[in-house]
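**Q** any chance you could fold what I've pasted below:
(6 chains)
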Number of protein chains: 4
Amino acid sequence: MNREEKKRATRQKIIDCALELFAENGYEATTVHQITERAGVAKGTFFNYFENKEEVLCDLQLFIATEEISKLQYKQGPIIPLMRELLMEMLRHLPFNRSLILASFQCTLSNKKLLESATVKFEEFKQVLIPVIAAAQARGEISSVMPAEMIADLAVQNYQGALIYWGMGLGEDKLSNQVTLSFELFFKGLAP
Amino acid sequence: MNREEKKRATRQKIIDCALELFAENGYEATTVHQITERAGVAKGTFFNYFENKEEVLCDLQLFIATEEISKLQYKQGPIIPLMRELLMEMLRHLPFNRSLILASFQCTLSNKKLLESATVKFEEFKQVLIPVIAAAQARGEISSVMPAEMIADLAVQNYQGALIYWGMGLGEDKLSNQVTLSFELFFKGLAP
Amino acid sequence: MNREEKKRATRQKIIDCALELFAENGYEATTVHQITERAGVAKGTFFNYFENKEEVLCDLQLFIATEEISKLQYKQGPIIPLMRELLMEMLRHLPFNRSLILASFQCTLSNKKLLESATVKFEEFKQVLIPVIAAAQARGEISSVMPAEMIADLAVQNYQGALIYWGMGLGEDKLSNQVTLSFELFFKGLAP
Amino acid sequence: MNREEKKRATRQKIIDCALELFAENGYEATTVHQITERAGVAKGTFFNYFENKEEVLCDLQLFIATEEISKLQYKQGPIIPLMRELLMEMLRHLPFNRSLILASFQCTLSNKKLLESATVKFEEFKQVLIPVIAAAQARGEISSVMPAEMIADLAVQNYQGALIYWGMGLGEDKLSNQVTLSFELFFKGLAP
DNA sequence: AATGAATGAGAGTTCATTCAT
DNA sequence: CATGAATGAACTCTCATTCAT
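**A** Numbers count the residues shown, from 1 in each chain, chains lettered A, B, ... in the order given. Down below sits the predicted model:
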């Protein structure tokens, strides 16, 4: 392992331990000392990699895999399998651990910047969905009773709701089942 | 205003200012000093009313009006109007303010006791819903493809999801619209 | 019980509870609130009787019954029975409780005024003893190897030592036995 | 001075200043701020070395040099010179300063753990003395009127009594004289 | 005389951050 | 680049004391 790799490894170790601890105790209650201790580095090392404690948050994976979403707009075909595929893809980027999901949420809510950024991402998600939904409506695949924008809103809400609900320890055993189920019902409701 | 009333007023003032500040800055970032300053009392006064900072949280209204829910089990009639009525009743106990809703969530997530209590409440909500849903299925009002428990799970998730989504500043202008919309789609999906 | 008596009773109740608590937790660790709570009065009442917390200390019985001591100088006869009588008399004014004795000491040491006053009292005790001892030496009752002042010093030290030692839970079961024993040996050492 | 030495120096400086201040104002009345101010370090530094304020006490020298005492049991010869030697050895470990002695006592009394530990040490001291005294009685060096245990009790009491008495500013100028004098009389009383 | 809500200075303690080594 | 001792602002919480009732 050369110097560059070692640095990346240290950085990642810190991030991983940080999220672990955030999941256990919450963002505010977690101290830099705890993080470095678990990561096996000195306290000062933390500040060689991050300007301040808040900055680790920005490196945490959020619930929204922006890249996956943006790919959606170039895809074609019936909306339902498309959405299923997208959801599965997004879930692949999430931790398969309830408290980690919840911790991500807690961090997001406890930090103005992060909350803002999450809101923006949701909004982007929605903007990508709208034309896809509108097209599906035009093709008669789903009901046109509601405007596409409203449906997009409900879809995003549905996605987020499933995540938090599951993160709280409720619902199906596997997150993917919880999300799948939610969207099954969702699309049934949208049947034309 | 006599002594007893004054006491109650002081206590309420502290609670109100606390929630306000939690909504602005989050629970952890809010200091007791800020709370008392805004409430116009001395710092020590806070601790005459609450054993510690954490305890104010317990006086905060959560998203679940347990009493309203438990009434549900004694009611009769078609499930959809019943649920609509329940939802409206529950919303009446919530603050009509996005950041207050979000702050409630943040507080819940930042405090183990509160999180536990919220989870329990959701579970109770679910348990009340299950027989109501099962009965509606028996009467053929809603689809029996999914077991009642699963539907109950999705209903609670839907409720919570709408609240958070709206709390983040997304969706409809009015919370009640957001919730109504969500459940409209939800019940459409459940059509037999 | 008339008004005046009631006042005295309240005052005494406060003093008693205070010493009790001092014995349990020490002077500094005892709060006025604890005292008034145990005494069954309101916090404010404490300050109707004492200017401040420190002042209760002054009302506490110390280890030295000054009055008894001063009587000594007018008494006559062989020194050993005289001293025995004095000691027994002094013990009668002490609490028969190890932790109360120890608490008295702790209070004395934790308060400059009280320490000063205790030192003065010991000095007075010594001054009363000196002529008595000198007279006994002149009568040949006790050894003249040591000057009277030195003997007086050792006597007072002996008295205090027995009290503290017993207060710590060590030595004889009964305080009077511990003191008697100490002085028995003391006087044996002083045999001419 | 390297890093490790500097650490030890800082720690010792804090301990020294703490005891100084305890001697001046007592344990409870001394604040961590005062200690660090006098030691010339920041307030936080105190807590890098001690978990809390109470912990400095544990580093304070008590009145009983346990090691010296335990050596006693392996020594032989007439008891009186043996005891003289032991006492002198023990005094060598004590501060030659009245208020420091008194402060040690006050700290001991103001802290349950410390009091317990001091009582245990006194008890140990006694247990070491008992066989030594019994042997001396068997050899006819000292009177057998009192049981060895009782004599041990009085010896320990005598030692402690001399310390406190001298600590209060009374008695001989030098502590060693006060202790020597006390034990001279003590052993005279024990003459067979 | 008794009450107890209000006060606020000040206590112990925490912890993100710095910087000399 | 890693270290960890030092920092000090800021925190929660305590409590003797006051004073309107």
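**Q** so where do the helices sit in chain A?
**A** Using DSSP state H, the helices of chain A run over A:3-25, A:32-39, A:43-49, A:53-59, A:66-72, A:79-92, A:98-109, A:112-138, A:148-167, A:175-189.
**Q** can I get these in JSON lines including mean neighbour count, distance to chain B and mean pLDDT?
**A** Every residue, glycine included, has its C-beta placed from N, CA and C. Shown next, in JSON lines, are the helices of chain A (neighbours: other Cβ atoms under 10 Å in any protein chain shown; distance: least, Cβ to the nearest Cβ, whole Å; pLDDT from 0 to 100):
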{"stretch": "helix A:3-25", "mean neighbour count": "16", "distance to chain B": "9", "mean pLDDT": "90"}
{"stretch": "helix A:32-39", "mean neighbour count": "17", "distance to chain B": "15", "mean pLDDT": "97"}
{"stretch": "helix A:43-49", "mean neighbour count": "14", "distance to chain B": "20", "mean pLDDT": "96"}
{"stretch": "helix A:53-59", "mean neighbour count": "16", "distance to chain B": "11", "mean pLDDT": "86"}
{"stretch": "helix A:66-72", "mean neighbour count": "15", "distance to chain B": "16", "mean pLDDT": "81"}
{"stretch": "helix A:79-92", "mean neighbour count": "16", "distance to chain B": "13", "mean pLDDT": "91"}
{"stretch": "helix A:98-109", "mean neighbour count": "22", "distance to chain B": "4", "mean pLDDT": "87"}
{"stretch": "helix A:112-138", "mean neighbour count": "17", "distance to chain B": "5", "mean pLDDT": "92"}
{"stretch": "helix A:148-167", "mean neighbour count": "24", "distance to chain B": "2", "mean pLDDT": "96"}
{"stretch": "helix A:175-189", "mean neighbour count": "20", "distance to chain B": "3", "mean pLDDT": "95"}
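**Q** neighbouring contacts of stretch A:120-133?
**A** Where contact means Cβ atoms under 8 Å, 6 or more residues apart in numbering or on different chains, the residues beyond stretch A:120-133 that reach it are A:62, A:64, A:66, A:69-70, A:72-73, A:79, A:82, A:142, A:148-149, A:151-153, A:155-156, A:160, B:165, B:168, B:170.
**Q** redo the helices of chain A as JSON lines? Include distance to D:Pro131.
**A** Output for the helices of chain A, formatted as JSON lines (distance: least, Cβ to Cβ, whole Å):
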{"stretch": "helix A:3-25", "distance to D:Pro131": "56"}
{"stretch": "helix A:32-39", "distance to D:Pro131": "50"}
{"stretch": "helix A:43-49", "distance to D:Pro131": "54"}
{"stretch": "helix A:53-59", "distance to D:Pro131": "62"}
{"stretch": "helix A:66-72", "distance to D:Pro131": "82"}
{"stretch": "helix A:79-92", "distance to D:Pro131": "77"}
{"stretch": "helix A:98-109", "distance to D:Pro131": "62"}
{"stretch": "helix A:112-138", "distance to D:Pro131": "72"}
{"stretch": "helix A:148-167", "distance to D:Pro131": "69"}
{"stretch": "helix A:175-189", "distance to D:Pro131": "73"}
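**Q** dihedrals phi and psi, the closest residue to chain C within chain A?
**A** Per Cβ to the nearest Cβ, A:Ala29 is where chain A lies closest to chain C, at 29.3 Å. As for A:Ala29, its main-chain torsions (degrees, to the nearest 10) stand at phi -80, psi -10.
**Q** tell me the spacing between it and B:Ile164.
**A** 22 Å (Cβ to Cβ, to the nearest Å).
**Q** can you check A:Met168 too?
**A** Taking Cβ to Cβ as the measure, A:Met168 falls 11 Å from B:Ile164.
**Q** next one: A:Tyr74
**A** 30 Å.
**Q** what does A:Cys17 give?
**A** 28 Å.
**Q** domain assignment for chain A?
**A** A:3-59, A:66-189 (automatic domain parsing).
**Q** how about the residues of chain A that lie near DNA strand E?
**A** Taking Cβ under 7 Å from any atom of the strand as the contact definition, chain A meets DNA strand E at A:Ala29, A:Thr30, A:Thr31, A:Val32, A:His33, A:Lys43, A:Gly44, A:Phe46, A:Phe47, A:Asn52, A:Lys53, A:Glu54.
**Q** show me which of these is closest to B:Ile101.
**A** Relative to B:Ile101, the closest of the residues of chain A next to DNA strand E is A:Ala29; by Cβ to Cβ it sits at 23.0 Å.
**Q** shared neighbours, A:Met168 and B:Ile164?
**A** By Cβ under 8 Å, 6+ apart, A:Met168 and B:Ile164 have no common neighbours.
**Q** A:Gly167 against A:Ile101, yeah?
**A** Yes. A:Gly167 is within contact range of A:Ile101, at 3.8 Å (criterion: Cβ atoms under 8 Å).
**Q** and stretch A:119-128, how far out from the chain middle?
**A** 12 Å (Cα atoms, centre = their mean, to the nearest Å).
**Q** which residue, other than its chain neighbours, is closest to A:Gln137?
**A** Nearest non-adjacent residue to A:Gln137, counting by Cβ to Cβ, 6 or more residues apart in numbering or on different chains: A:Ser144, 4.7 Å away.
**Q** for chain D, see how far away A:Ile14 is.
**A** A:Ile14 sits 23 Å away from chain D, going by Cβ to the nearest Cβ, to the nearest Å.
**Q** these two touch, right, that residue and A:Tyr49?
**A** Yes. A:Ile14 lies in contact with A:Tyr49 (Cβ under 8 Å); the separation is 6.0 Å.
**Q** which residue does chain A have closest to DNA strand E?
**A** For chain A and DNA strand E, the shortest gap (Cβ to the nearest atom of the strand) falls at A:Asn52, measuring 3.0 Å.
**Q** what number of residues lie near that residue?
**A** Neighbourhood size, A:Asn52 [other Cβ atoms under 10 Å in any protein chain shown]: 9.
**Q** so A:Arg84 makes contact with A:Glu184?
**A** No. Contact between A:Arg84 and A:Glu184 fails when scored by Cβ under 8 Å: they sit 9.3 Å apart.
**Q** and for A:Asn2, the neighbour number?
**A** 6.
**Q** got the confidence number for it?
**A** pLDDT, A:Asn2: 74.
**Q** pLDDT wise, what is A:Ile64 at?
**A** 69.
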